[in-house]
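Participant: what follows is a predicted structure for the sequence shown.
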Amino acid sequence: MELGKKIKQLRFKAGLTQEQLAEKLGIGAQSVSKWENAVSMPDITALPLIAEQFGVSIDELFEYGLRSGAARGRVPRL
């Protein structure tokens, strides 16, 4: 799942509007809209704040462990 779609999914699950999430993160609501519509990506410095807001890890935002098996201790081969 793309990061923007994941943020939108988590935002809905938390019962937040784009404006409410933006306020909690100290950004404009247009930024959240752009993320969710894949127009732009969050700044890397915002990732810990976003993850904390939803009670997930940064890896979970990107669904890293789910795709690669890293959550089960497997390291993907290159």
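Facilitator: Okay, I see it.
Participant: give me phi/psi at residue 57?
Facilitator: The phi/psi pair for residue 57 (degrees, to the nearest 10) reads phi -90, psi 160.
Participant: what about it, how many neighbours?
Facilitator: Residue 57: 14 surrounding residues under other Cβ atoms under 10 Å. (C-beta placed from N, C-alpha, C; glycine too.)
Participant: now it. Nearest residue, chain neighbours left out?
Facilitator: residue 51 (5.9 Å; Cβ to Cβ, 6 or more residues apart in numbering).
Participant: list the contacts of the one you found.
Facilitator: 57-58, 60-61 (Cβ atoms under 8 Å, 6 or more residues apart in numbering).
Participant: tell me which of the residues you listed is nearest to residue 21?
Facilitator: residue 61 (13.4 Å; Cβ to Cβ).
Participant: the protein: helices as residue ranges?
Facilitator: Here the chain has its helices, by DSSP state H, at 3-14, 18-25, 29-36, 47-54, 58-62, 64-68.
Participant: distance of residue 62 relative to residue 42?
Facilitator: Distance of residue 62 to residue 42, given as Cβ to Cβ, to the nearest Å: 11 Å.
Participant: which of the two has more neighbours?
Facilitator: Between residue 62 and residue 42, counted using other Cβ under 10 Å, residue 42 has the larger neighbour count: 19 against 16.
Participant: my guess is that one contacts residue 58. True?
Facilitator: No - contact criterion Cβ atoms under 8 Å: residue 42 and residue 58 do not qualify, at 10.7 Å.
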